[in-house]
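>>> Take this sequence and fold it.
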Amino acid sequence: MPSLGADMDAGTLLKWYVGPGDAVRRGDVVALVDTSKAEIEVEIFEDGVIDRRLVAEGTRVPVGTVLATVRPDGAAAAPRAPEPPVGPHAAAESPAGPHAAAESPAGPEPPAAPQPPAALAPPAALAPPAAVAAPTSSADRRRRASPVARRAAALTGVDLAAVTGTGPGGAITRADVELARAAPRPRVASAQALPPSEALPSSEALPHGAPADRRRAMREAIGALMARSKREIPHYHLQLEIDLGIAMRWLHEANLARPVARRLLPSALLLSAVARAAAETPSMNGFWVDGAFAPADGVHLGVAISLRGGGLIAPALHDADRRTLEEIMEGVRDLVARARSGTLRSSEMSDPTLTVTNLGDRGVDLVHGVIYPPQVALVGFGSVRERPWAADGMLGARPTVIATLAADHRVSDGHAGSRFLALIDHRLRRPEAL
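Coordinates of the predicted model:
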């Protein structure tokens, strides 16, 4: 069960999209998981063939539980134990074939009830993990692991000392962490393996079928994460009012030549300016992991999206600093649509390096956000409003927006935060370069 955010400690496997014997490639969607916030499509991070599925549909398990085993394409299958029933689809994978239940003289049998995760086969019966090596020093691990890999390891409990890197120069990548996490181990983190005080029910009524339960679970998850953030992260806050006169005139002219469906919104300018400023200010774009700051190797903006019925989610807009305004606008529209329809992907939930929240469309002038751990900064924007503005000795009305920054004092100080906001301002005064 992947960690799809710092506020996730368990998830419900809603649906399998692959079965034993199916070939998969890195990036393929293999399962649908329900968190306390949304239904997320889980991607796989290696090529191979699905060997065994170890968790039944409808089962809630802790983060880190092995959901399935994958073998290299062409490798012999490991000795099998019976797979757990997979909800109403169990009959489709029975030895008698998909129509066995329909052809039974006694008539169709009711679907099998979801069962707890089956125990893994003994380690000797499975291929040894390819990504395990002798421990190295903590300094070496920090030097030879990518920031995304360090964050993934911290969120999922993988010890980087036991992972061999396959990246340049032996550096540990996120794929290596995922492989190490999925590798069979003698002790499986399943619902049965947890101490009684931490045990989770093996099967629950699915939250997506009970809106009130989902809202309550989401509020609890958000509250717990924000309490942790305020307790552990020494926040400091800055704000800057930015003149958008030039940007709004440029936007109006640019939209005259566009069809209505493809017009740019001011939020595209704001996101682009933040992303490009973050690329120039590494101390605002990264993670606090294992007592140290790990700069991110890309700018993946977490875009805060309000969900219908309440709640909040912040999936990643990948490589936002390299996107054109059109690509940012299309990316945001896509994220909003999929966040509200429940079709986000696991990589979009685990990758954000810096979150942006924009409450301007709600009429808010100022927003002071709370950092989403293990990130180290959050940018907030209020409404674009015409306000009195003095420039060149003249007083007039200009469209302005108040930008705020919440940053982690363990990583940066007010000087770096001020420079970051000034870079956002500088970018917005030159919209044609975004």
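>>> measure the residue nearest the centre of the chain to Gly302 for me?
Centroid-nearest residue in the chain, with Cα atoms, centre = their mean: Met349, separated by 1.3 Å. Applying Cβ to Cβ, to the nearest Å, the value for Met349 to Gly302 is 9 Å. Bear in mind the C-beta positions are built from the backbone N, C-alpha and C, glycine included.
>>> between those two, what contacts are shared?
315-316 (Cβ atoms under 8 Å, 6 or more residues apart in numbering).
>>> hmm, back to that, ok, and the closest non-adjacent residue to the residue nearest to the centre of the chain?
Sequence neighbours aside, Leu4 is the residue nearest to Met349 in space, at 4.0 Å (criterion: Cβ to Cβ, 6 or more residues apart in numbering).
>>> Provide a list of residues in contact with the one you found.
Residues in contact with Leu4 (Cβ under 8 Å, 6+ apart) are 11, 33, 35, 40, 346, 349-350.
>>> The same query, at a cut-off of 10 Å, please.
Neighbour list for Leu4: 11, 33, 35-38, 40, 42, 63, 155, 313, 315, 344-350 [criterion: Cβ atoms under 10 Å, 6 or more residues apart in numbering].
>>> before we move on, what about Leu240?
Leu240 is in contact with 401-405, 417-418, 420-422, 424-425, counting by Cβ under 10 Å, 6+ apart.
>>> Which members of these are classed as buried?
The neighbour count (16 or more other Cβ atoms under 10 Å) marks 401-405, 417, 420-421, 424-425 as buried among those.
>>> Need the phi and psi values for the closest residue in space to Arg262 that isn't next to it in sequence.
Closest residue to Arg262 apart from its sequence neighbours, by Cβ to Cβ, 6+ apart: Glu326 at 7.4 Å. When read as degrees, to the nearest 10, the backbone of Glu326 gives phi -60, psi -40.
>>> Over to Asp34?
Torsion angles, degrees, to the nearest 10, at Asp34: phi -100, psi 120.
>>> ok, the closest residue to Thr353 other than its chain neighbours - how many residues close by?
With sequence-adjacent residues excluded and distances taken as Cβ to Cβ, 6+ apart, Thr353 is closest to Ala296, at 3.8 Å. For Ala296, the neighbour count with other Cβ atoms under 10 Å is 23.
>>> wait, doesn't Ala296 sit right on Ala278?
Yes. With contact defined as Cβ atoms under 10 Å, Ala296 counts as touching Ala278 (8.7 Å).
>>> Show me what counts as buried in the longest helix seen in the chain.
Longest helix in the chain by number of residues (criterion: DSSP state H): helix 211-232. By neighbour count on 16+ other Cβ under 10 Å, the buried set for helix 211-232 is 214-215, 217-218, 221-222, 225-226, 229.
>>> Go ahead and name everything in contact with stretch 386-395.
With contacts defined as Cβ under 10 Å, 6+ apart, stretch 386-395 is touched by 241, 243-245, 248, 365, 396-402.
>>> can you do 7 Å?
Under the criterion Cβ atoms under 7 Å, 6 or more residues apart in numbering, residues 243, 396-400 lie in contact with stretch 386-395.
>>> With just CA atoms, put it into CSV.
Listed next in CSV are the C-alpha coordinates belonging to stretch 386-395 (Å, rounded to 0.1, in the frame of the first residue of the first chain):
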residue,chain,number,x,y,z
GLU,A,386,-8.3,47.1,-7.7
ARG,A,387,-6.7,49.0,-4.9
PRO,A,388,-5.1,52.4,-4.5
TRP,A,389,-1.5,52.3,-5.7
ALA,A,390,1.2,54.9,-5.8
ALA,A,391,3.8,54.7,-8.6
ASP,A,392,6.2,57.2,-10.0
GLY,A,393,4.8,59.9,-7.8
MET,A,394,1.2,59.3,-9.0
LEU,A,395,-1.7,57.8,-7.2
